[in-house]
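[1] Coordinates only, no sequence provided:
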């Protein structure tokens with residue numbers, strides 16, 4: 001299975017939301033990282049054939065997706081950033097309704113809904129109305145509905161939003177087990193989620209994919225650019241204004257800064273091992289490189 005993206009572009013008037021993106025996705029988990037407004041949601045909506053592109057094409061195993069119609073929808077699972085639901089529907093009732101909309105036979109849907117409610121840990125509340133659910137519980141229903149048709153291509157927009165740490169671990173394990181011979185693309189602001197499960201990461205900025213590669217490949221790009229420097233609290237404020245400070249922590253009366261810089265920022269600064277978050281912040285920063 002292969003999803004091929006060829007120069008995909010979306011304009012809104014003079015604004016370029018997605019700028020000539022080309023990539024190839026094969027079975028595995030792909031993490032899409034980027035700031036708000038980077039074009040992630042627009043990109044994902046075009047991959048789902050929900051939003052028409054200004055130019056460019058997307059192919060699934062050589063077939064252009066907008067020409068595939070129901071054949072494409074049959075292999076696609078999608079969780080939008082904010083999925084719609086009926087507040088008075090019970091969780092099980094809602095999932096059966098969504099299964100009907102997807103054309104899943106009733107007997108298959110009954111079994112699949114029961115299975116998914118167990119997977120997302122909602123079996124105990126399947127008979128409760130969704131308007132009584134917490135944000136995390138609603139999000140888990142959303143994840144379940146995206147998996148109803150056992151999709152070969154799963155696209156998830158901010159799937160861990162509203163999930164507590166325990167729920168995020170459950171989700172990561174679910175996606176890791178599910179991927180196999182399927183393509184999973186997910187966007188999130190939580191770098192640790194992607195770092196834990198993504199086979200490859202796409203880093204998006206201002207509508208472009210800046211970098212694509214494994215976590216190891218990407219973190220190597222930040223090697224030698226991460227420093228720790230211990231300063232006084234008053235100096236820390238100055239450093240935050242003039243440098244890219246990724247993190248700070250207080251140790252007694254001193255402050256330890258984690259600084260992103262191509263060169264040694266000051267005497268006493270020491271190199272640190274780079275992580276994916278360092279590469280992300282380094283790429284997103286507006287300071288001159």
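    Everything's here; your move. Please read all numbers here as calculations on a predicted model, not as lab measurements.
[2] and the nearest residue to residue 2 once chain neighbours are set aside, what is it in contact with?
    Using Cβ to Cβ, 6 or more residues apart in numbering and skipping the chain neighbours, the partner closest in space to residue 2 is residue 26 (5.4 Å). C-betas here are computed from N, CA, C, even on glycine. Residue 26 makes contact with 1, 2, 3, 183, according to Cβ atoms under 8 Å, 6 or more residues apart in numbering.
[3] Go again with 7 Å.
    Going by Cβ atoms under 7 Å, 6 or more residues apart in numbering, residue 26 touches 1, 2, 183.
[4] Also residue 181?
    Taking Cβ under 7 Å, 6+ apart as the test, what residue 181 contacts is 1, 27.
[5] Show me what the helix or strand hosting residue 177 is packed up against.
    Element membership of residue 177, judged by DSSP states H and E, is helix 165-179. Applying 3 or more Cβ pairs under 7 Å, 6 or more residues apart in numbering; DSSP states H and E, one finds that helix 165-179 contacts strand 28-33, helix 135-146, helix 191-197.
[6] can you confirm residue 223 is in a strand?
    No. Counting by DSSP: H, G, I helix; E, B strand; the rest coil, residue 223 falls outside a strand, being coil.
[7] export the contacts of residue 26 to a markdown table and tack on neighbour count?
    Shown next, in a markdown table, are the contacts of residue 26 (neighbours: other Cβ atoms under 10 Å):
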| residue | neighbour count |
| --- | --- |
| 1 | 13 |
| 2 | 12 |
| 183 | 22 |
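[8] Strands - which of those residues land there?
    residue 183 (DSSP state E).
[9] What's the separation between residue 285 and residue 224?
    Taking Cβ to Cβ, to the nearest Å as the measure, residue 285 falls 16 Å from residue 224.
[10] Just the buried residues of the helix holding residue 177, please?
    Neighbour-count burial for helix 165-179 flags 167, 168, 170, 171, 172, 174, 175, 178, 179 (criterion: 16 or more other Cβ atoms under 10 Å).
[11] cool, stretch 260-268 as well?
    260, 261, 265.
[12] you'd agree the second one is up against residue 245?
    No. Taking contact to mean Cβ atoms under 7 Å, the distance of 10.0 Å between residue 261 and residue 245 leaves them out of contact.
[13] what is in contact with those two at once?
    Counting by Cβ under 7 Å, 6+ apart, nothing touches both residue 261 and residue 245.
[14] can you pull the contacts of the nearest residue to residue 144 once chain neighbours are set aside?
    Leaving aside its chain neighbours, residue 144 sits nearest to residue 116 (4.2 Å; criterion: Cβ to Cβ, 6+ apart). When the contact criterion is Cβ under 7 Å, 6+ apart, the partners of residue 116 are 95, 144, 147, 148.
[15] All set now, cheers.
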